[in-house]
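Undergrad: Here you go, sequence then predicted model.
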Amino acid sequence: MRQVVVLIIGFLIVSLSGQEQGITNQPSEVSPTAGRRKAVLFRPQPLFPYQSKVLPLPSDTGWGLIDSITLHRIIPAGERLAVVFDSANESLKDTLLLDYLTDLGKEAVAVAPDWLKDDLADKFRRIGQVLQNKFADLILNCPDKRYYDELCFQVAHLSPIVLTSVSPQILIDNVQYAYQIDRELQYVDIVDYGDPLQGGDYYSTTRYRAIVQGETTEVEIPKEIYYWWVIMPKVSDEPVEYVYERFWRDYLFYYADEGYPLLKEKLANIKILWNGEKCWWQNQGMGYEDTLPAVCVVSRWVAHTLPYPAQGNRPIQPNQIAHEHNGNCGEVQDLLCAAARTALIPAGCVLDINEDHVWNEIYWQDSMFPWQVDLGCGPTNIKNPGIAYDQKYGGGKQVSGVWEWRNDGYQRSVVGTYSDVCTLTVEVRDSTLRPVDGAIIKISSEFWYGGIYECFYGVTDRSGRYTTPLGDWQNYYLVVVSPLGVHSAGRIIDSAECVPGTHFFYACTLSGRLDSLRIVPDSGTPINHYRLDVTYTVNRESYYGIDCYNSGGAQYYALIKTPGAIDFFLTSQAGFNDYLAGKEFRAFKSDENTFQASHSHILTGQGNHYLVFSNEEQDNLTAFLDVTVKLYKWGIGIAETKPSLSKGNWFNITPNPGRKALRIRLLPEIGYKVKLRIMDVTGKVVWSSTVAGSEIIWEGRDAAGRLVPPNVYFVEVSGKGGRSCQSIIWLGL
């Protein structure tokens with residue numbers, strides 16, 4: 001973090017009641033004026049619940065299914081998807097939504113774990129075709145297919161600004177060295193679940209030998225912790241790049257200046273990660289016994305590598321910090337985080353910018369806990385919330401905004417670990433009082449050495465709200481930034497009123513206006529000819545924010561919320577034309593802010609009809625939609641028939657169910673050419689041929705040679721006025 005803070009000269013050594021000049025990146029000063037309207041004291045209720053309209057669909061009796069379409073689509077803010085009933089061709093098709101992925105991008109998403117596919121596809125959408133192809137090629141050509149998941153995760157979750165400059169080879173080196181180092185450590189193993197070559201929900205994580213309630217046992221961390229806090233190549237605000245021609249996971253483990261400890265050697269015989277208890281270890285003059293836990297060894301290595309307080313240029317790269325052997329809390333934080341991840345220990349960075357201090361946290365059994373090595377080869381504290389030096393724990397500070405820095409830029413407040421807290425909810429609306437999603441909430445407070453500086457940023461959700469805990473007994477200032485306008489509120493919370501447990505609420509209105517659909521309900525007398533059934537779900541949505549503290553410019557992160565929601569309507573051709581023209585339009589069915597629904601509609605008129613899934617009323621949110629639409633026609637369907645010939649069955653099929661290939665044998669008594677067709681359950685012809693011989697082999701492909709999915713199909717043989725139809729179960733290859 002860290003360009004030199006020039007507010008004081010020299011450094012101050014911290015005790016539990018003191019302070020140090022630690023951070024090295026100067027925050028931006030904020031004006032305390034403008035607005036001066038305070039937050040009010042009450043706990044707001046939710047604006048609206050997400051809607052659910054799951055209704056039983058009618059019986060298919062009398063209706064024949066003639067077409068269906070099942071889609072999974074990513075719908076960004078301002079976009080829409082339409083499923084069209086093409087009346088002339090009696091078929092369904094999707095339209096309007098752009099295809100954001102290149103061919104290479106689609107291939108890369110296809111090999112990603114199922115749980116990562118949406119994240120990767122959404123990131124590809126956000127970085128454009130050139131970068132998309134660059135990183136898709138990296139994934140598809142990785143030297144070891146075990147790395148598919150780690151590579152996909154890095155590409156999916158590093159900020160776009162990082163991907164514009166990072167060397168793709170670093171992402172491979174990062175994973176290769178993690179697996180290589182794993183073989184040299186006794187207290188940890190990388191474990192792989194599933195098979196990348198088979199696809200599905202394959203993933204990796206780490207398993208540790210640790211002490212739990214006095215017993216040595218194995219502890220495995222959730223996969224999300226492994227990817228975010230072990231594998232990610234970005235520690236804090238540094239660019240992801242080679243320094244001294246090496247990436248930090250390689251440099252820190254395998255290299256040391258003369259007279260300084262080598263991390264590889266110090267960890268070689270360590271057998272236990274930690275016991276999960278609050279610990280204090282002296283580092284000055286101490287050795288590296290094999291009985292020490294790994295967290296102590298890594299901490300001690302950092303202390304011995306940085307024996308001097310900060311001087312000179314205050315670097316932000318772990319390799320350079322390790323080589324220059326000096327640093328305050330900023331440098332110690334960066335090196336400890338990088339060294340921990342090098343040693344496959346889950347760790348992250350925590351910042352308290354306004355009180356000029358930073359430290360680390362370590363993951364242990366469902367929580368993140370404080371972890372700090374004091375500057376100047378000082379001691380190690382772990383699981384001690386007093387390292388923030390808040391007055392609650394005997395320190396000399398009242399901390400304000402303390403946040404955990406996720407490696408894509410997301411800033412999550414963790415101040416409750418280190419201080420008593422109050423809570424702030426900010427609500428943002430447009431000029432018509434509609435909630436504004438994606439507004440950036442900039443919260444500021446007094447800096448330790450004077451002035452007012454930004455603590456951290458948040459982002460509003462679909463309800464137009466952002467809620468966060470804040471440290472007690474502080475002044476807080478607010479600026480709201482959105483494409484719809486900027487609102488500078490000035491001070492909204494006075495320190496004297498910032499009592500622990502208080503919930504503050506601040507609402508503002510921006511000058512701009514969100515788009516809105518102008519729907520008028522429509523109805524009519526059903527014509528029993530066509531019926532449309534639709535079922536959809538939005539299991540999640542993603543909204544995007546920025547951080548306030550990165551040396552290479554703001555990082556844009558994606559924050560997932562479950563469930564998501566969408567607007568939906570069903571309209572005729574005339575209504576659709578009015579909708580496209582921005583006019584008021586009529587719709588037979590409509591939903592607003594709905595996360596799941598089912599509808600059935602018998603058409604009341606002729607011509608094309610449109611089922612539209614709209615994300616146009618949102619400013620920032622991306623919806624992840626699953627939808628199935630079925631088209632029925634009255635009195636039409638596929639039925640198995642008895643053969644028309646008196647000689648019995650026309651053909652037999654073996655094996656049935658079958659995979660790889662099905663053998664269709666015609667009876668020898670037929671003696672003439674017949675038409676053979678294979679149809680799916682909607683009645684659509686998948687493959688057809690004129691057969692003159694006694695048998696034919698079907699290998700599960702359509703007329704274009706593409707493999708068809710496993711399902712029930714129908715084989716129809718017809719000729720000389722007769723017809724026979726039988727079902728088959730195709731299991732795939």
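TA: Yep, that arrived.
Undergrad: can you list the weak-confidence ranges in the stretch 101-250 of the chain?
TA: Judged by pLDDT under 70, the stretch 101-250 of the chain has no weakly predicted residues.
Undergrad: Enumerate every residue touching the closest residue to residue 322 other than its chain neighbours.
TA: In space, and not counting its chain neighbours, residue 322 is closest to residue 305: 5.4 Å by CB to CB, 6 or more residues apart in numbering. For glycine as for every other residue, the C-beta is placed from the backbone atoms N, C-alpha and C. With contact taken as CB atoms under 8 Å, 6 or more residues apart in numbering, residue 305 is in contact with 256, 260-261, 322, 325, 335.
Undergrad: For residue 305, what are phi and psi?
TA: The phi and psi values for residue 305, taken as degrees, to the nearest 10, are phi -80, psi -30.
Undergrad: any idea whether residue 560 is helix, strand or coil?
TA: Per DSSP: H, G, I helix; E, B strand; the rest coil, the local secondary structure of residue 560 is strand.
Undergrad: how near is the residue nearest to residue 322 to residue 334?
TA: Distance, residue 305 to residue 334, by CB to CB, to the nearest Å: 12 Å.
Undergrad: From the contacts of residue 305, which land in strands?
TA: Helix and strand membership here follows DSSP state E; of the contacts of residue 305, not one is in strands.
Undergrad: Switch those over to CSV, and while doing so, append distance to residue 83 and neighbour count to every line.
TA: Output for the contacts of residue 305, formatted as CSV (distance: CB to CB, whole Å; neighbours: other CB atoms under 10 Å):
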residue, distance to residue 83, neighbour count
256, 62, 20
260, 64, 16
261, 63, 18
322, 57, 29
325, 63, 16
335, 54, 28
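Undergrad: Let me know the closest of those residues to residue 300.
TA: When those are compared for distance to residue 300 (CB to CB), residue 261 wins out at 8.1 Å.
Undergrad: List the contacts of that closest one.
TA: For residue 261, the contact set (CB under 8 Å, 6+ apart) comprises 288, 301, 304-305.
Undergrad: Kindly recompute the last result at 6 Å.
TA: The neighbours of residue 261, taking CB atoms under 6 Å, 6 or more residues apart in numbering as the test, are 301, 304.
Undergrad: Now do the phi/psi pair for it.
TA: phi -70, psi 150.
Undergrad: What pLDDT does the model give it?
TA: Per-residue confidence for residue 261 comes out at a pLDDT of 98.
Undergrad: For residue 255, see how far away it is.
TA: As judged by CB to CB, residue 261 and residue 255 stand 11 Å apart.
Undergrad: again, but for residue 534
TA: In this structure, residue 534 and residue 255 are separated by 60 Å, where distance is defined by CB to CB.
Undergrad: Strands of the stretch 351-500 of the chain, residue ranges please.
TA: In order along the chain, the stretch 351-500 of the chain carries the following strands (DSSP state E, counting those that start in this stretch): 357-364, 367-373, 380-382, 403-405, 411-413, 421-429, 440-446, 452-459, 465-471, 476-482, 485-493.
Undergrad: list the helices and strands the following helix or strand past the last one packs on?
TA: In the C-terminal direction, the helix or strand that comes right after strand 485-493 (DSSP states H and E) is strand 503-509. Other helices and strands packing on strand 503-509, by 3 or more CB pairs under 6 Å, 6 or more residues apart in numbering; DSSP states H and E, are strand 421-429, strand 485-493.
Undergrad: Name every strand pairing with strand 503-509 and say which way it goes.
TA: Taking DSSP bridges as the criterion, strand 503-509 forms sheet pairs with strand 40-41 (antiparallel), strand 421-429 (parallel).
Undergrad: Next, residue 128: secondary structure please.
TA: Taken by three-state DSSP, the conformation at residue 128 corresponds to helix.
Undergrad: wait, isn't residue 567 in contact with residue 614?
TA: Yes. Under the criterion of CB atoms under 6 Å, residue 567 lies in contact with residue 614, with a separation of 4.4 Å.
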